[in-house]
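J.: turn this into a model:
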Amino acid sequence: MPEMKYLLLIYGNQEKWDQILAESWPEEIAKQDAFNKKYHETGELLGGYGLADAAAARLVRRKDGVPAVTDGPYLETKEYIASFYLLDCESEERAHEIAADMPWADIEPVEVWPILHESAADL
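T.: Numbering: from 1, shown residues only. Reported below is the predicted structural model:
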């Protein structure tokens, strides 16, 4: 049975991060590192990526054939994508199990998106 790829999205906002006490960060990071190691060892976690604060994001368009870069994103909400994970697992149910094992999944939901198309990296 072919494996399927899934994208897990974790959202955040500055208010949420500010509620975490500075002395708690090492423990929270250790929990995430343990999750990453567990699923990397099973071969189901292809990668996990934490993103910079939304203030560092840029919008890029093409204007007259060259990049036109502006500040962004211009979101209507305080929430932004804080990190994302790429899974390769046997089923959607398995992707849900892994998402539910994510640290903080009991407090914040994890979005699970099936990946429908993949472009070969060696084109």
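J.: from here on, just use CA atoms for contacts and neighbour counts.
T.: Will do.
J.: angles on the backbone of Trp17, please.
T.: Trp17 adopts backbone torsions of phi -70, psi -40, taken as degrees, to the nearest 10.
J.: from now on call the first residue 23
T.: Right, with 23 as the first residue, what we last looked at is Trp39.
J.: what about it, how many neighbours?
T.: For Trp39, the neighbour count with other C-alpha atoms under 10 Å is 11.
J.: ok, it to Ser46 distance?
T.: Distance of Trp39 to Ser46, given as C-alpha to C-alpha, to the nearest Å: 11 Å.
J.: Ile137 too?
T.: 34 Å.
J.: neighbour count for these two, which is higher?
T.: Remark: of Ile137 and Ser46, Ile137 carries more neighbours, 13 against 9, as counted by other C-alpha under 10 Å.
J.: dump the residue contacts of that one.
T.: Contacts for Ile137 (C-alpha atoms under 8 Å, 6 or more residues apart in numbering) come out as Met26, Lys27, Tyr28, Leu29.
J.: got the contact list for the lowest-mean-pLDDT helix or strand in the chain?
T.: Within the chain, no helix or strand scores below helix 36-40, which has a mean of 76 by mean pLDDT, DSSP states H and E. Residues outside helix 36-40 that contact it (C-alpha under 8 Å, 6+ apart): none are found.
J.: centre of the chain versus that helix, how much separation?
T.: Chain-centre distance of helix 36-40: 17 Å, with C-alpha atoms, centre = their mean, to the nearest Å.
J.: same deal with stretch 125-136?
T.: For stretch 125-136, the distance to the chain centre is 10 Å (C-alpha atoms, centre = their mean).
J.: ok, now how distant is Ala121 from Gln54?
T.: 12 Å.
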